[in-house]
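[1] Predicted structure and sequence below. I'll ask about it afterward.
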Amino acid sequence: MGIKRFKPTTPGLRHRVSFDYSEITKTEPEKSLITMTLRGKGNGRNSQGRITVRHRGGGSKQLYRAIDFKRKKWDIEAKVFSIEYDPNRSSRIALLHYQDGEKAYIIAPNGLKVGDRIMSGAQTEVKVGNAMLLENIPVGTVLHNIEMKPGKGGQMARSAGTSAKLDGKENGYAFLSLPSGEIRMVLLRCMATIGEVGNAERLNIVYGSAGAKRHLGWRPTVRGVAMNAHDHPHGGGRGKQKGYKKPTSPTGVPSKGYRTRQKTKTSNRYIVSKRKR
């Protein structure tokens, strides 16, 4: 797994940095695990047809691969048949062939190779790719694909290059240090997978051309200061000037991020330390 650069034979290749895809061992997805075909993915519109997320639309047709986030086949050994590209997520996925003949996709952790044998269960060997209950995982282990509720399936630490660390256990809860800096309590009866999610080199990718972004479903972005006053809060004026206090969207929503979590949210009691800003 690595990245590659190109000779500047065209303006689009001059600064482009791409994957070398050396870790991909199978190009076509498993047909039995394809659940739907995605076209446009909503184009940033809500149920009323109004644009709520700007700069989205178009993009190439994508086949959705069903991922086993629950790791529900306990105590049955599986062999890693292939490592594949998934257009619907930043990480790579691994195709498993279980001993009973069933097939499943999982998020591919860093270090998992074709031919490796992994297993999930209440208690298994602490090895990359194995999934088990938090109560049986040693303190200090690096984890990913962590459940927030028992049996619901992994929801935390699923993006490329991310992982969480098991800091301790107390009163039926596990203390996890999440990638955001947040320390959170999770029930020890929840499942988690050993290891860090692979494809960490994704952060070094430079697409180099507008067309490459359009294939991913990203439309052009126009700066607010380049617009007229009635089109954007940053627009208008003569020459370059900033007549605003904080960067906002056309509707006045802060564009640098703002706190959206409800202060009275029930699950707030499970947060030991808030995320870093």
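    It's in. Numbering: from 1, shown residues only.

[2] Which parts of the stretch 101-250 of the chain are helices?
    210-215 (DSSP state H, counting those that start in this stretch).

[3] OK, contacts around residue 52?
    Listed by Cβ atoms under 8 Å, 6 or more residues apart in numbering, the contact set of residue 52 reads 44-46. Yep, even glycine has a C-beta here, placed from its N, CA and C like the rest.

[4] Which ones among these map onto strands?
    If you go by DSSP state E, these have nothing in strands.

[5] Top of the residues you listed by number of neighbours, please.
    Within those, residue 44 tops the neighbour count with 16 neighbours, counted by other Cβ atoms under 10 Å.

[6] give me the number of residues near residue 39?
    Using other Cβ under 10 Å, residue 39 is surrounded by 12 other residues.

[7] Quick check: chain neighbours aside, which residue is closest to it?
    residue 61 (5.5 Å; Cβ to Cβ, 6 or more residues apart in numbering).

[8] residues in contact with the one you found?
    With Cβ under 8 Å, 6+ apart, residue 61 has these contacts: 37-39.

[9] Make a markdown table out of those and add pLDDT.
    Putting the contacts of residue 61 into a markdown table (pLDDT from 0 to 100) gives the following:
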| residue | pLDDT |
| --- | --- |
| 37 | 88 |
| 38 | 85 |
| 39 | 80 |
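
[10] pLDDT at the residue nearest to residue 39, what is it?
    Residue 61 carries a pLDDT value of 91.

[11] just the one 4 residues further on next, same as before
    Reported pLDDT at residue 65 in the predicted model: 96.

[12] do residue 277 as well
    63.

[13] Map the structural domains onto the sequence of this protein.
    3-202, 222-277 (automatic domain parsing).

[14] End to end on stretch 152-165, go ahead and measure it.
    The stretch stretch 152-165 measures 20 Å between its terminal residues, going by Cα to Cα, to the nearest Å.

[15] what's the answer for stretch 245-263, then?
    26 Å.

[16] Equivalent analysis for stretch 39-57, please.
    End-to-end distance of stretch 39-57: 9 Å, with Cα to Cα as the criterion.

[17] next one: stretch 112-119
    13 Å.

[18] Tell me which residues of it come out buried.
    Across stretch 112-119, burial judged by 16 or more other Cβ atoms under 10 Å covers 112, 118-119.

[19] Need the mean per-residue confidence for it.
    On average, the pLDDT along stretch 112-119 is 96.

[20] can you check stretch 77-88 too?
    The pLDDT scores in stretch 77-88 average 96.

[21] Outside of that stretch itself, list whatever touches it.
    Residues from elsewhere that reach stretch 77-88 (Cβ under 8 Å, 6+ apart): 21, 23-27, 29, 38, 60, 62-65, 67, 92-99, 103-105, 108, 112-119, 129.

[22] try it again with 6 Å
    For stretch 77-88, the surrounding residues in contact (Cβ atoms under 6 Å, 6 or more residues apart in numbering) are 23-26, 62, 64-65, 92-99, 108, 114, 116-119.

[23] Many thanks, have a good one.
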